[in-house]
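Chemist: Show me the folded form of this:
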Amino acid sequence: MLTVIAVVVMLMAVAAGILSYGRFARRLHCEHSTSLAADRVETDLDRCIAPLTAAHPEDSGLALLSDNVDAFALRALTARHAGRSLDLQYYIWKKDLTGELLAAEIVRAAERGVRVRILLDDVNVHGLDPHWLAIDRHERIEVRLFNPSRNRDGMLRRALEMLLRWASLNRRMHNKAWIADGRVAIVGGRNIGDAYFDAADLSNFQDLDLLALGPVVQQAATAFDIYWNSTVALPIAGLHPRRGRKLAGVPAALGSAAGQAAAKPFLARVAQSATLQELLAGHLAVHWTREVELVCDPPAKAHGRRGENWIMNVLRPAIASARSDLQVISPYFVPGTLGAQALAAIAADGVAVSILTNSLAATDVAVVHAGYARYRRRLVEAGIRLFELKPALRQRLRLFGSRGGASLHTKAFVVDRRAGFVGSFNFDPRSVSLNTEMGLLFVDPPLAEALHQIFVEQTAADASFRVEVRDGQTRWVDAERKPPRIWIHEPIAGVWRRLACSLLGFLPIESQL
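Modeler: Residues are numbered from 1 along each chain as shown. Here you go, the predicted model:
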């Protein structure tokens, strides 16, 4: 009896602590800081980029980063050449090969005197607190967590907090931004981890970022400051008051990652990356435009507050402005009834609407695919061309020579081949209502055409299945075969995966997808 009472008292004490989370967060000291101005030419990045922006004083420069290894190299090299600041904001930063290589780059930047601010969503930090605390101990690095749980250790207390704070903990920061010296920003769909940079053994993501120069970088820096100084971003050191911040050292793995054989090709690309060399020489294919905007949800979205600046309020009219054609790329595509109706209405107006998403065999989140599947037939019947990515891209070689598997992770759209968007926003209920999102919305026909060409390549017969409806039944066409192969069920996916997806489709959880 006494044991039961003790357990109840302990649970009540934990619950009381959880319910007082708001007061705890307000008491936790967060030093206010803002981005360092890029108003002088004093760093390597200043000397590289200032002449480019000076030649286009009112325009922003944008360049597509479609190659995964180049995307890694550009992040590493901007960190290596930074001399003033690194502001980094991510939903996921894995402690794997590429995650540790990039972490080592930012620690070395801090050793040179660079101020580093890292803002991570807490849901994917679970289990990595010692790693990030060690990095945070550097005097020039601060790590903050977005909407963190108070209980960092112990499964019971953490599970109880998730239960009692479900409504708030279910709201996450999905933003991705890498800002160096206030001169260059990388914004898009990639998190930090092996699967985003072609370093994973089994399957890698097909993803897209935009490199940004000029005035729009300040927009990204301002958005970062708003998140960094919000009440939802708490210092990781404050969540572990007993561990302190004054201990020396960083994880030993950061120093050893570069010595691994698997790291050599990535470090070689950092040293020889054509993309960066062209950037440094001023010859990168940068598209300069005045019509570009960083669109971003406010951090208040994590509180469930309604506001006028939510990203969908900007993206919806941009999509609806299509007059000739609209291409959408979304790995987790769950349009909902209203979204499906809106896309059908656009198609009914004579706009050629095309959508690329993952096939069941390619997706890494089967439950989201189950949510998408219920809209598949009505979209096709509305005249929308629907494509599903194959799990292996034959035309795309990995860094190590193996083709490997592929899963779509790009979030983008193109309107009339004159405007477009690249960012973190998935066309699903979670992106609309629960997670904070960001991206770059632009008007520039040459850049939009380049994005359109990526869509064309990814929907080609050797890359994707075309979904059709024949005699009232959904069919998948593999036009790479001669004659084309027609699938009567989800192609390539095994029977158990198809069965699981069908069962998941019955769950009433669409609002959470």
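Chemist: Can you list the low-confidence ranges for the protein?
Modeler: 1-29, 154, 242-253, 274-277, 280-283, 305-309, 393-404 (pLDDT under 70).
Chemist: Return the residues in contact with the residue most central in space within it.
Modeler: The C-alpha lying nearest the average C-alpha coordinate of the chain belongs to Gly189 (Cα atoms, centre = their mean; 3.5 Å). Gly189 is in contact with Lys176, Asp207, Leu208, Asp209, His409, Thr410, Lys411, Ala412, Val422, Gly423, Ser424, counting by Cβ atoms under 8 Å, 6 or more residues apart in numbering. C-beta coordinates here come from the backbone N, C-alpha and C atoms, glycine included.
Chemist: how many other residues sit next to the last one?
Modeler: Spelled out, it's Ser424. 26 (other Cβ atoms under 10 Å).
Chemist: need the contact list for it.
Modeler: Tyr91, His174, Asn175, Lys176, Gly188, Gly189, Lys411, Ser431, Glu437, Met438, Gly439.
Chemist: For the contacts of Gly189, give me TSV that also has distance to Ala382 and secondary structure.
Modeler: Formatted as TSV, the contacts of Gly189 follow (distance: Cβ to Cβ, whole Å; DSSP: H, G, I helix; E, B strand; the rest coil):
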residue	distance to Ala382	secondary structure
Lys176	32	coil
Asp207	28	coil
Leu208	26	coil
Asp209	31	strand
His409	26	coil
Thr410	23	coil
Lys411	22	coil
Ala412	21	strand
Val422	26	strand
Gly423	25	strand
Ser424	27	coil
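Chemist: Can you say which two of the residues you listed are spatially most distant?
Modeler: For the contacts of Gly189, with distances taken as Cβ to Cβ, the pair at the greatest spread is Lys176 and Ala412 (13.2 Å).
Chemist: ok, then the element right after the helix or strand hosting Phe421?
Modeler: Phe421 is part of strand 419-423 when elements are defined by DSSP states H and E. Moving toward the C-terminus from strand 419-423, the next helix or strand (DSSP H and E) is helix 429.
Chemist: just checking, what packs against that following helix?
Modeler: Taking 3 or more Cβ pairs under 8 Å, 6 or more residues apart in numbering; DSSP states H and E as contact, there are no helices or strands that helix 429 lies on.
Chemist: pretty sure Asp444 is touching Thr289, no?
Modeler: Yes: counting by Cβ atoms under 8 Å, Thr289 is a contact partner of Asp444 at 4.0 Å.
Chemist: and for these two, which residues touch both?
Modeler: By Cβ under 8 Å, 6+ apart, the residues touching both Asp444 and Thr289 are Leu62.
Chemist: So what does Leu441 have for phi and psi?
Modeler: Backbone geometry at Leu441, expressed as degrees, to the nearest 10, gives phi -110, psi 130.
Chemist: nearest spatial neighbour of Leu267, skipping sequence neighbours?
Modeler: Spatial nearest neighbour of Leu267, excluding adjacent residues (Cβ to Cβ, 6 or more residues apart in numbering): Ala258 at 6.4 Å.
Chemist: dump the residue contacts of the one you found.
Modeler: Contacts of Ala258 by Cβ under 8 Å, 6+ apart are Leu101, Ala104, Leu267.
Chemist: quick one: what helix or strand has the second one in it?
Modeler: Assignment of secondary structure by DSSP H and E places Ala104 within helix 97-111.
Chemist: What is the burial count for the nearest residue to Asp44 once chain neighbours are set aside?
Modeler: Excluding its sequence neighbours, the residue lying closest to Asp44 (Cβ to Cβ, 6+ apart) is His81, at 3.9 Å. Number of residues near His81 (other Cβ under 10 Å) recorded here: 22.
Chemist: Equivalent analysis for Glu31, please.
Modeler: 7.
Chemist: what do you get for Leu279?
Modeler: A count of nearby residues for Leu279, using other Cβ under 10 Å, gives 26.
Chemist: do the same with Leu52
Modeler: With other Cβ under 10 Å as criterion, Leu52 counts 17.
Chemist: swap in Arg475?
Modeler: Neighbours of Arg475 using other Cβ under 10 Å come to 17.
Chemist: Same question for the one 4 residues further on.
Modeler: For Ala479, the tally of surrounding residues (other Cβ under 10 Å) stands at 15.
Chemist: How are the helices of the stretch 251-400 of the chain distributed by residue range?
Modeler: 252-257, 264-272, 274-281, 311-320, 336-348, 366-381 (DSSP state H, counting those that start in this stretch).
Chemist: Show me what the fifth one is packed up against.
Modeler: Identification of packing neighbours for helix 336-348 by 3+ Cβ pairs under 8 Å, 6+ apart yields helix 311-320, strand 352-358, helix 366-381.
Chemist: Next, the angle helix 311-320 makes with that helix.
Modeler: 20 degrees (axes from the mean of the first three to the mean of the last three Cα atoms, to 10 degrees).
Chemist: list the buried ones in helix 336-348?
Modeler: By neighbour count on 16 or more other Cβ atoms under 10 Å, the buried set for helix 336-348 is Gly336, Gly339, Ala340, Leu343, Ala344, Ile346, Ala347.
Chemist: just the longest one next, same as before
Modeler: Buried residues in helix 366-381, counting neighbours by 16+ other Cβ under 10 Å, are found at 366-373, 375-376, 378-380.
Chemist: Mind telling me the two of these farthest from one another?
Modeler: Val367 and Val380 (22.0 Å).
Chemist: Go ahead and confirm Ile355 touches Val334.
Modeler: No: look at Ile355 against Val334 with Cβ under 8 Å: they stay out of range, at 11.8 Å.
Chemist: how about the strands in the stretch 51-200 of the chain?
Modeler: Using DSSP state E, counting those that start in this stretch, the strands assigned to the stretch 51-200 of the chain run over residues 60-65, 85-90, 115-121, 141-146, 177-180, 184-188.
Chemist: Relative to the fifth one, what are the paired strands and their orientations?
Modeler: Translated: strand 177-180. strand 85-90 (antiparallel), strand 184-188 (antiparallel) (DSSP bridges).
Chemist: Kindly report the same for the longest one.
Modeler: For strand 115-121, the paired strands and their directions (DSSP bridges) are strand 85-90 (parallel), strand 141-146 (parallel).
Chemist: Asp325 is nearest to which of these?
Modeler: When the strands paired with strand 115-121 are compared by Cβ to Cβ, strand 85-90 sits nearest Asp325, at 32.7 Å.
Chemist: what about that closest one, distance to the chain center?
Modeler: Relative to the centre of its chain, strand 85-90 is centred 14 Å away, using Cα atoms, centre = their mean, to the nearest Å.
Chemist: List the contacts of that strand.
Modeler: Residues outside strand 85-90 that contact it (Cβ under 8 Å, 6+ apart) are 35-36, 79, 106, 109, 114-121, 173, 175-182, 191-192, 221, 224, 227-228.
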